[in-house]
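Q: Curious how this folds, go ahead:
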Amino acid sequence: MGWNSFDAYDCRINEEEFRGVVDFMADNLLEYGWEYAVIDYIWWHPEPGNWDTPRRKGHPNLRYKSPGEPLYPEYTTHDEYGRLIPSVERFPSSANGQGFKPIADYVHSKGMKFGIHIMRGVHRYAAFQDLPIKGTDYTLKQIAEPWDTCAWCNHMWGVDPTKPGAQEYYNSLFELYADWGVDFIKADDTMYPPYHEGEIAMMRKAIENCGRPIVLSLSCGEAPLGQADHLKANANMWRISADYWDKWESLEHNFDLLNVWAPHARPGAWPDADMIPIGKISLDDRPHGPERMTKFTKDEQLTMMTLWSIAQSPLMLGNDMLDVDDFTLSLITNPEVLAVNQNGNDARQIFERNGQRFWISTDKETGDKFIALFNLNEEEKELAFDLEWDYLRDAYTLRDLWKRKDMGTVKGKVKAKLPAHGAALYRLSKVQ
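A: Below you'll find the predicted structure:
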């Protein structure tokens, strides 16, 4: 559970803004379990996205000569081993070789955890300079694959996992992140076709070698289902969706994705339905469309939070935390709903028909059942969850978790009249 800067700030967040978000989270959200604060991509650039591209306003591509030499090398900050370091212009506390350690220390002082985004591979300018790999006689040019460049962000070249020095390069990266006090790495361009099995495995081994527990989150999706075993063995969370924004069609699609991935969820390894686009997003009209409050209706937002919670997706917010309305706060500070996400077990879609979806999971602490009813139709419907679907044949106390209200005793079926695109979430406790 946490927050990532991408949905609101794109690649442009600075230290003052980030510390402000951390302060807000510590004061208002930490008690509910929101503990990770993550700086997303291109933090090594002093002015990322300071020009427009045809693809997207402020897209942070850089312009390079064919061998990898940038037209503006002053925009890239790295150390003598080609490891990217924060831009001091945006993150002043990183001066004098401190990197992200002062910010990580600040986050930790608030009782929270700190994360950063990285792109798979080696920066092409570092490879162009043929810088040494720390602790070896190899160089970055020897392990870099110039043909293997991210399709949507052109800074990095892939690393050939068969080459001597490749693992040592990744070891040096995660050694640096551990020294900074990083708790969470969002590693991007790892699953975008093709699936980069070798580099993912090198990251996992580097984490094991670095001496610090670090969550490994893989982007972007859709993750290939055929790689489920490899993902569970190497990552703590992996994106099962493409970039997810505030469109009803995308939310509908995530019902299908979470359904097929549900059997592969387990403690420490979670299918990730992506960040939650509620509240205010796309500040200054980027990264995705105009600056706005989410286009999801209130019913759709409740449906999204219900699905992410019962399906046990990681919960990563992406909204502008410095401008939060009361409704958004109500969605993310309901402890009974969040308990479904944190305490559920064996979550699965149990039945589907006529635009109606039904999910169930078990409270691993009490044995209570959590059930969710979803109306994906365009009009109001009465839904009925048949408890026989899971052989629940006793009488149960029914509690509405969004309303935080006991609803009496039920047996046989749980019924609810739901608005279009609406949801309900309940706890069932066996009557003793």
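
Q: Whichever strand or helix holds Ala384 - what's its average pLDDT?
A: Per DSSP states H and E: Ala384 is located in strand 381-386. Mean pLDDT, computed over strand 381-386, is 98.

Q: Show the average pLDDT along the helix or strand just after that strand.
A: Scanning the chain past strand 381-386 towards its C-terminal end, the next helix or strand to appear is strand 396-400 (assignment: DSSP H and E). Rounded to a whole number, the mean pLDDT of strand 396-400 is 98.

Q: how about strand 396-400 as PDB, C-alpha atoms only?
A: Listed next in PDB are the C-alpha coordinates belonging to strand 396-400 (Å, rounded to 0.1, in the frame of the first residue of the first chain):
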ATOM      1  CA  TYR A 396     -24.300 -15.500   9.000                       C
ATOM      2  CA  THR A 397     -24.100 -12.000  10.400                       C
ATOM      3  CA  LEU A 398     -23.900  -9.600   7.400                       C
ATOM      4  CA  ARG A 399     -21.800  -6.400   7.600                       C
ATOM      5  CA  ASP A 400     -21.700  -3.800   4.900                       C
END
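
Q: start to end distance for stretch 268-284?
A: From the first residue to the last, stretch 268-284 extends over 36 Å; the measure is Cα to Cα, to the nearest Å.

Q: Mind giving me the packing neighbours of the strand holding Ala384?
A: strand 356-363, strand 369-375, strand 413-418 (3 or more Cβ pairs under 8 Å, 6 or more residues apart in numbering; DSSP states H and E). Bear in mind the C-beta positions are built from the backbone N, C-alpha and C, glycine included.

Q: Just say which of the ones you listed is most tucked in.
A: Comparing the helices and strands packed on strand 381-386 by mean neighbour count (mean count of other Cβ atoms under 10 Å), strand 369-375 ranks first with a mean of 24.

Q: What distance do you get for Lys141 to Ala242?
A: Computed with Cβ to Cβ, to the nearest Å, the distance linking Lys141 and Ala242 is 33 Å.

Q: Tell me where the protein has helices.
A: According to DSSP state H, the chain carries its helices in the segments 6-9, 15-28, 101-109, 124-128, 140-143, 166-180, 197-210, 228-234, 248-261, 298-310, 326-332, 335-343.

Q: Let me have the ones you listed in a markdown table, adding mean pLDDT as columns.
A: Formatted as a markdown table, the entries for those read as follows, by pLDDT from 0 to 100:
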| stretch | mean pLDDT |
| --- | --- |
| helix 6-9 | 96 |
| helix 15-28 | 98 |
| helix 101-109 | 98 |
| helix 124-128 | 95 |
| helix 140-143 | 98 |
| helix 166-180 | 98 |
| helix 197-210 | 98 |
| helix 228-234 | 98 |
| helix 248-261 | 98 |
| helix 298-310 | 98 |
| helix 326-332 | 97 |
| helix 335-343 | 98 |
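
Q: Great, nothing more from me.
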